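> 3D, please:
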Amino acid sequence: MGSGHHPDAARPVTAPDFLLSRATGSLRTQGSLQAFSDPADAALALRSGDCGLVVGAIGFEPDAPAALIEPDIVVRTDGPLEPPAYFRGLRTRARVTEEVPHGAVHRGRVATAVAGVHAGGVEKVVLARAVRLEAHEPIDPHAVCASLIDSSPSADGYLVDLSPAGGLYAGRVLVGSSPELLVRRRGDLVECHPLAGSAPRAADPAADQAAGRALRDSAKDVAEHAFVVDSLAACLDPLCVDLEIPERPGLTSTREMWHLGTRIRGRIADPRTTALDLALAVHPTPAVCGTPTDEARRVIGGLEGERGFYAGAVGWSDASGDGDWMVTIRCAEIDADRHGAIAWAGGGIVAGSDPDDEVAETEAKLRTVLRAFGAA
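Have a look, this model is predicted:
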């Protein structure tokens, strides 16, 4: 780490094991009263009253080990988190040592997937690629997370100790800044804000606005987005009443990307259904997997192998049923020895996808995380 802070400044003892920063309200926790590697066990503990609050992350594969805990110390705030000056002063300096796979290989995978869509195997599949990062000085996950929160227009960020998942995850930390709300529950109100269909932003304001308009008017991207909305509607219909789904997606943006987004709202049918239950019911959506889900998962498994916590969900749920779950995109897993990390980015492949555009999209999406690691 660089010496961007006062040498005598002490690392805050309040540094959380879990944090989720959102403009609508944030949570940070320390310590663990009990851990759950099976999300179904955590959901049952919440419903039965054996547990007051669950925080953490679930993997891309629904049967993969989760990293969920009942925390000991909990601090809630109404708005986004303000990272401590200590972590803002640290400069992470990492470099990309490997692309998994290289852009040319990803281009080939996209072309294969497009051919598969035309052949009728799947309608959409989300393909991701990763980069390996290495640092000479130990990486401080809280410093990376502080940088992600500070560079997000809505101060989105998360940090999760993955140790409860066991095995290779012991000591690993997931950090990220996700713009995509998987599901939120407050009282009887349920909300989702899926993002699918993306375009890189431009430095020139006129070109940037044109890129946003082109995305909004793109038949290919609007169709890709509709798969996600239709899937969420089908999953939520048995669990909610009064579902409100806008006819057309709106535009939303991060520092790097334009996205098509739809705000879905409804009311919970059974008050015993917690935010974690809702998250497990809708995950993985076609925004990170594809459609039909099982076929898309098979394609992803064959081409990419294990995704771990990338394209999973991170968040919290309490015994009253309230909670927030974000899709774990724009993220990296930091190694237990703190000298390396792996970051991912993906894009949805449909009949009209262009392999060159898809490679460019993953590179633009990776910039969010690479900048926080000092590796952009």
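> Do a quick rundown of the helices in the stretch 151-300 of the chain.
205-216, 219-236, 275-282, 293-304 (DSSP state H, counting those that start in this stretch).
> what does the stretch 1-150 of the chain give?
Under DSSP H, counting those that start in this stretch, the stretch 1-150 of the chain gives helices at 39-48, 85-89, 103-118, 141-151.
> Next, format these as JSON lines and append mean pLDDT and mean neighbour count.
The way it works is simple: take the backbone N, C-alpha and C, and place the C-beta from them, glycine included. As requested, those are exported to JSON lines (pLDDT from 0 to 100; neighbours: other C-beta atoms under 10 Å):
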{"stretch": "helix 39-48", "mean pLDDT": "97", "mean neighbour count": "20"}
{"stretch": "helix 85-89", "mean pLDDT": "95", "mean neighbour count": "17"}
{"stretch": "helix 103-118", "mean pLDDT": "94", "mean neighbour count": "17"}
{"stretch": "helix 141-151", "mean pLDDT": "98", "mean neighbour count": "24"}
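> about what we covered before: comparing the helices of the stretch 151-300 of the chain, which comes out most buried?
Neighbour counts (mean count of other C-beta atoms under 10 Å) averaged over each of the helices of the stretch 151-300 of the chain peak at helix 275-282, with a mean of 24.
> the inter-axis angle of it versus helix 39-48?
If you take axes from the mean of the first three to the mean of the last three C-alpha atoms, to 10 degrees, helix 275-282 sits at 140 degrees to helix 39-48.
> list the helices and strands helix 275-282 packs on?
helix 39-48, strand 53-58, strand 181-186, helix 219-236, strand 313-318, strand 323-327 (3 or more C-beta pairs under 8 Å, 6 or more residues apart in numbering; DSSP states H and E).
> Could I have the CA atoms of it written out in CSV?
What follows is helix 275-282 as a C-alpha-only set of coordinates in CSV (Å, rounded to 0.1, in the frame of the first residue of the first chain):
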residue,chain,number,x,y,z
ALA,A,275,-36.2,-10.9,1.3
LEU,A,276,-33.8,-13.8,1.4
ASP,A,277,-36.7,-16.2,0.3
LEU,A,278,-37.4,-13.7,-2.6
ALA,A,279,-33.8,-13.6,-3.6
LEU,A,280,-33.5,-17.4,-3.7
ALA,A,281,-36.8,-17.6,-5.7
VAL,A,282,-35.6,-15.2,-8.5
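> List the contacts of the closest residue to residue 161 other than its chain neighbours.
Sequence neighbours aside, residue 17 is the residue nearest to residue 161 in space, at 4.6 Å (criterion: C-beta to C-beta, 6 or more residues apart in numbering). By C-beta atoms under 8 Å, 6 or more residues apart in numbering, the contact list for residue 17 reads 29, 30, 31, 32, 69, 71, 160, 161.
> same question, residue 12
If a contact means C-beta under 8 Å, 6+ apart, then residue 12 has 84, 86, 87 as its contacts.
> ok, now with 10 Å
Going by C-beta atoms under 10 Å, 6 or more residues apart in numbering, residue 12 touches 83, 84, 85, 86, 87, 142.
> I'd like to know which of the helices and strands packed on helix 275-282 is closest to residue 352.
helix 219-236 (3.7 Å; C-beta to C-beta).
> What residues are bridge-paired with residue 18?
Beta-bridge partners of residue 18, counted by DSSP bridges, are residue 29, residue 160.
> isn't it right next to residue 163, touching?
No - here residue 18 does not reach residue 163: they are 11.2 Å apart, not a contact under C-beta atoms under 10 Å.
> just to revisit the earlier point, and which of the contacts of residue 17 is nearest residue 216?
Checking the contacts of residue 17 against residue 216 by C-beta to C-beta gives residue 160 as the nearest, at 33.4 Å.
> among the helices and strands packed on helix 275-282, which is nearest residue 109?
Using C-beta to C-beta, the helices and strands packed on helix 275-282 put helix 219-236 closest to residue 109, at 17.2 Å.
> more crowded one of residue 18 and residue 163?
For residue 18 versus residue 163, neighbours defined as other C-beta atoms under 10 Å are more numerous around residue 18 (26 against 18).
> Quick check: nearest residue in space to residue 219, chain neighbours excluded?
Nearest residue to residue 219, sequence neighbours excluded (C-beta to C-beta, 6+ apart): residue 352, at 7.7 Å.
> What's the local residue count around the one you found?
14.
> Tell me which two in the contacts of residue 17 are the farthest apart.
31 and 160 (14.2 Å).
> Tell me the pLDDT of the closest residue to residue 194 other than its chain neighbours.
What sits nearest to residue 194 in space, not counting adjacent residues and going by C-beta to C-beta, 6+ apart, is residue 228, at 4.5 Å. In this prediction, residue 228 carries a pLDDT score of 95.
> Could you export the helices of the stretch 1-150 of the chain as CSV, including distance to residue 22?
Converted to CSV, these look like this (distance: least, C-beta to C-beta, whole Å):
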stretch, distance to residue 22
helix 39-48, 20
helix 85-89, 18
helix 103-118, 31
helix 141-151, 10
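> closest to residue 75 out of the ones you listed?
Smallest distance to residue 75 across these (C-beta to C-beta): 14.7 Å, for helix 141-151.
> Give me the helices and strands touching the closest one, please.
On a contact count with 3 or more C-beta pairs under 10 Å, 6 or more residues apart in numbering; DSSP states H and E, helix 141-151 meets strand 18-21, helix 85-89, strand 157-161, strand 173-176, strand 331-334, helix 355-372.
> Enumerate the positions of stretch 341-353 that are buried.
By 16 or more other C-beta atoms under 10 Å, the buried positions in stretch 341-353 come out as 341, 342, 343, 344, 345, 346, 347, 348, 349, 350, 353.
> Identify the farthest-apart pair in these.
341 and 350 (30.5 Å).
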